[in-house]
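Trainee: coords please:
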Amino acid sequence: MDCLFCKIIAGEIPSYKVYEDENFLAILDRFPAVEGTVLVLTKRHAADMFDMDEAEASGVMLVAKRIAEKIKETLKPDGLNILQNNGKSAGQEIFHYHMHIIPRYDGDAVRFSKPPTDPPLEKLAETAQRLKL
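Mentor: Coordinates of the predicted model:
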C-alpha cells in the first residue's frame, strides 16, 4: 500500500512521536498550521471515520483528549481545535484516518470560515427529523 501514514507507522518514514499504543500513533504535524499541531492516526489503515468501528472511534477520542490536555498544560494556547476531515470534498488529503489537534493563539493566522446562512425554522425542523437516530 502506498499510504504515507502507513509508512510512518511502519517506521519507513521518520516522525516525531508524542504518543503510541497498540492501536494509535500521535505525531507532530510535519507542516503545521500552528506549532505544536499533533496528528492522531489509527495504526490499522482506515480510510476515514466511516471505515472505523465504534471501539476505534471511541479510542481515538480518548487519545485526542489526553494529547489536548498535554498541549494545554505545556504550550498554554488560548484555545484548541480538534479537526477531522472525511472525503476529498471535506478537505481530506491523505486517505488514512487522522485527527488534527491544533493549538490556537489569539491573533494567529489560522481561519476556519463558512458563509453565513439563516435557514427557515421549518427547514431546520425537517432536517432534524431526517437525522434523528
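Trainee: Surely residue 6 is in contact with residue 96?
Mentor: Yes. If you go by C-beta atoms under 8 Å, residue 6 and residue 96 touch, sitting 6.4 Å apart. Yep, even glycine has a C-beta here, placed from its N, CA and C like the rest.
Trainee: Looking at those two, which is more packed in?
Mentor: residue 96 (21 against 16; other C-beta atoms under 10 Å).
Trainee: For that one, which non-adjacent residue is closest in space?
Mentor: Once flanking residues are discounted, residue 96 sits nearest to residue 5: 3.9 Å by C-beta to C-beta, 6 or more residues apart in numbering.
Trainee: Tally up the residues packed near that neighbour, please.
Mentor: So residue 5, with other C-beta under 10 Å, has 21 neighbours.
Trainee: And the helix or strand that contains it, what does it pack against?
Mentor: Using DSSP states H and E, residue 5 falls within helix 4-9. For helix 4-9, the elements it packs on are strand 24-28, strand 38-42, judged by 3 or more C-beta pairs under 8 Å, 6 or more residues apart in numbering; DSSP states H and E.
Trainee: pLDDT value on the residue sitting nearest the centre point of the chain, please?
Mentor: Nearest to the mean C-alpha position of the chain, by C-alpha atoms, centre = their mean, lies residue 99 at 1.7 Å. For residue 99, the model assigns a pLDDT of 97.
Trainee: mind checking how far stretch 116-129 is from the chain centre?
Mentor: On the basis of C-alpha atoms, centre = their mean, to the nearest Å, stretch 116-129 sits 27 Å off its chain's mean C-alpha point.
Trainee: what about it, average pLDDT?
Mentor: So the average pLDDT for stretch 116-129 ends up being 94.
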